[in-house]
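Asker: Any chance you can model this:
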Amino acid sequence: MGAERNESLDFLSVFLTGIPGLEAQHVWISIPFFVMYIVATGSNSLIMAAVQGDSALHEPMYLFLSMLAVTEVGVSVSTLPTVMGILWFDTRRTDFGGCLAQMFFIHTFSCMESGVLLAMSYDRFVAIYNPLHYTAILTLPRIMSMGLGITLKSVAFMAPLPVLLRQLPYCHINILSHSYCLHSDLIQLPCADTKLNSILGLTIVLATFGLDSVLIVVSYVLILYTVLGIASGEGRRKALNTCVSHVCAVLVYYVPMIGVSVMHRAAKHASPLVHTIMSSIYLFVPPVLNPIIYSIKTKPIREGIVTLFSCKKELT
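Answerer: From the prediction side, this is the model:
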């Protein structure tokens, strides 16, 4: 029986609704979405190239920023095929295996982004609490180990989700209320008890995003405590100014996530359009805004990007 069920999953299709209620405007809606994708992938790729190409940016803060850019490109690319396919070509049908793969990559890259933001808060804490030993503590091998640990943790937490979903029977019309596949939507489809999947999903959220956010808050409490111990007002201002970009990135990432979570639990009867917009903001806005925030607030990043273009111009 299990073999028959797994075999049938290979031919199971999932229908994506796109943006409900605005199907007639999909072509026009595709314009801002496409612009966001270009800005997100282009600007984050520029940051990665600038950090890699400029030896002056081979410092912990900028290496972590490069990792953040990788995760944001990953989130953007994971959602691109189905979103633009629906908006441009009205291709709403996707196979179940592809849907599970998309869900895995979206959630994995999102989890990695949360982990990198936590690592960046630790970076800011070390820079302010123990500036004399900053580079001795955050060595390149240690930074690479942290990046590898974040990646392995994210993959390990998210891998069980598609595996468990494949074990369930699907006997209804499988329609998702987005342009992409998310776990919270997929667990509504099986015609079987999904309590285990829901508990596992909640546990993963608390153990990753929840724990990361708590530790970020703790790190900033310690940062503020350290800053208040600095004698000069100018010193306190400079110390806090080094954290502004990261604080903005944290707010840009976690505020929409909290909004989506609240909407999913407290406003279940809200219009599907509202849920779709909130989920889109959570996935698409951080990859667009974070490179802009860091480029505006961080002079070395701006100089690295200018140097990158100058070198290309000289080569041509």
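
Asker: Give me the neighbour count for Leu100.
Answerer: 20 (other CB atoms under 10 Å). Where you see a C-beta, it was placed from the backbone N, CA and C, and this is true even at glycine.

Asker: For the closest residue in space to it that isn't next to it in sequence, what is the enclosing helix or strand?
Answerer: Distances taken as CB to CB, 6 or more residues apart in numbering place Pro162 nearest to Leu100, at 4.0 Å, with adjacent residues excluded. Assigned by DSSP states H and E, Pro162 belongs to helix 160-166.

Asker: again, but for Val255
Answerer: Going by DSSP H and E, Val255 is part of helix 244-266.

Asker: buried stuff in that helix?
Answerer: 245-250, 252-254, 256-257, 260, 263 (16 or more other CB atoms under 10 Å).

Asker: any chance of those in a markdown table, plus distance to Val116?
Answerer: Formatted as a markdown table, the buried residues of helix 244-266 follow (distance: CB to CB, whole Å):
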| residue | distance to Val116 |
| --- | --- |
| Ser245 | 14 |
| His246 | 11 |
| Val247 | 15 |
| Cys248 | 15 |
| Ala249 | 9 |
| Val250 | 11 |
| Val252 | 13 |
| Tyr253 | 10 |
| Tyr254 | 13 |
| Pro256 | 17 |
| Met257 | 15 |
| Val260 | 20 |
| Met263 | 25 |
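
Asker: so which of the residues you listed comes closest to Trp28?
Answerer: Distance to Trp28, by CB to CB, is smallest for Pro256 among the buried residues of helix 244-266, at 23.2 Å.

Asker: returning to that earlier point: distance from the helix holding Pro162 to the middle of the chain?
Answerer: 21 Å (CA atoms, centre = their mean, to the nearest Å).

Asker: So which residues make contact with that helix?
Answerer: 6, 9, 100-101, 103-104, 107, 183, 186-187, 190, 196-197, 200-201, 204 (CB atoms under 8 Å, 6 or more residues apart in numbering).

Asker: how about the strands in the stretch 151-300 of the chain?
Answerer: Applying DSSP state E, counting those that start in this stretch to the stretch 151-300 of the chain gives strands spanning 175-176.

Asker: Could you list the low-pLDDT ranges of it?
Answerer: 172-173, 264-270 (pLDDT under 70).

Asker: switch the cut-off to 50
Answerer: The stretch 151-300 of the chain contains no residues with pLDDT under 50.

Asker: again, but for the stretch 1-150 of the chain
Answerer: Along the stretch 1-150 of the chain, the model assigns pLDDT under 50 to residues 1-7.

Asker: go with 90
Answerer: 1-30, 33, 52-58, 80-98, 132, 135 (pLDDT under 90).

Asker: What segments of it are strands?
Answerer: Using DSSP E, counting those that start in this stretch, the strands of the stretch 1-150 of the chain run over 13-16, 93-95.

Asker: ranking those strands by burial, who's on top?
Answerer: Ranked by average neighbour count under the criterion mean count of other CB atoms under 10 Å, the strands of the stretch 1-150 of the chain are headed by strand 13-16 at a mean of 18.

Asker: Which residues does it contact?
Answerer: For strand 13-16, using CB under 8 Å, 6+ apart, the contacting residues are 82, 86, 92-96, 99, 173-176, 178-181, 189.

Asker: just stretch 235-255 next, same as before
Answerer: In contact with stretch 235-255 (CB under 8 Å, 6+ apart) are residues 68, 113-114, 117, 120-121, 124, 127-128, 209, 213, 216, 220, 223, 226-228, 230, 285-286, 289-290, 293-294, 297-298.
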